[in-house]
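Student: dropping a prediction and its sequence here:
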Amino acid sequence: MRHSIVRAVFGAALLALVACPAAAEQVVTIDTRPGVTQSFIFLEAAGTATANLILFMGGNGKIALWRNPDRRNNNFLVRTRGGFAAQGFNVAVVDSPSDRHSDGLIGWRGTDAHRQDIAAVIRWLVARAKVRVTGSSRAGLPVM
């Protein structure tokens with residue numbers, strides 16, 4: 001009985017995140033390293049932002065924004081980005097950088113170059129809202 005209640009509450013919370021209408025979003029592309037750009041989907045928080053949230057897909061980390069303009073993806077974090085914005089987060093869903101379009105992020109996430117790319121995303125977010133930055137999943141956020 002107790003497990004059924006926990007599952008029902010978790011399911012309702014999950015459904016609320018998925019069912020939230022998508023906030024207005026944009027694809028942002030910034031320079032990160034010489035000759036390299038980093039693209040991400042950005043959604044501004046509904047109301048005043050309580051935090052900047054960077055969502056990282058697992059696996060190869062490719063949303064493929066350069067060829068997928070409708071931004072559909074089966075990844076949970078990509079699908080639920082609007083729900084996070086509705087809860088007061090500025091949201092950045094990070095794609096693989098321009099020099100990793102073919103290879104993605106497998107074996108790349110721990111590199112200095114990846115840290116530079118994400119540090120640039122953090123600077124961009126903090127310039128918009130001076131609130132804390134947190135990440136999800138395969139975050140590996142650099143110390144700033």
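Tutor: On my side now, so go ahead.
Student: strands of the chain, residue ranges please.
Tutor: Counting by DSSP state E, the chain has strands at residues 25-33, 36-43, 51-56, 89-94, 133-135.
Student: which of those strands sits most buried?
Tutor: Mean neighbour count, computed with mean count of other CB atoms under 10 Å, is highest for strand 89-94 among the strands of the chain, reaching a mean of 26. The C-beta positions use only the backbone N, C-alpha and C, and glycine is treated the same way.
Student: centre of the chain to that strand, how far?
Tutor: Centroid displacement of strand 89-94 relative to its chain, using CA atoms, centre = their mean, to the nearest Å, is 4 Å.
Student: list the buried residues of stretch 120-130.
Tutor: 120, 121, 122, 124, 125, 129 (16 or more other CB atoms under 10 Å).
Student: where's the dip in pLDDT among the residues you listed?
Tutor: Ranked by pLDDT, the buried residues of stretch 120-130 bottom out at residue 129, which scores 93.
Student: where does the chain have low pLDDT?
Tutor: 1-23, 69-74, 137-144 (pLDDT under 70).
Student: ok, residue 62 touching residue 93?
Tutor: No - with contact defined as CB atoms under 8 Å, residue 62 does not count as touching residue 93 (11.7 Å).
Student: redo the buried residues of stretch 120-130 as CSV? Include distance to residue 135.
Tutor: Formatted as CSV, those follow (distance: CB to CB, whole Å):
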residue, distance to residue 135
120, 14
121, 10
122, 9
124, 14
125, 11
129, 16
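Student: okay, the strands of the chain in JSON lines with distance to residue 103 next?
Tutor: Formatted as JSON lines, the strands of the chain follow (distance: least, CB to CB, whole Å):
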{"stretch": "strand 25-33", "distance to residue 103": "16"}
{"stretch": "strand 36-43", "distance to residue 103": "13"}
{"stretch": "strand 51-56", "distance to residue 103": "16"}
{"stretch": "strand 89-94", "distance to residue 103": "16"}
{"stretch": "strand 133-135", "distance to residue 103": "21"}
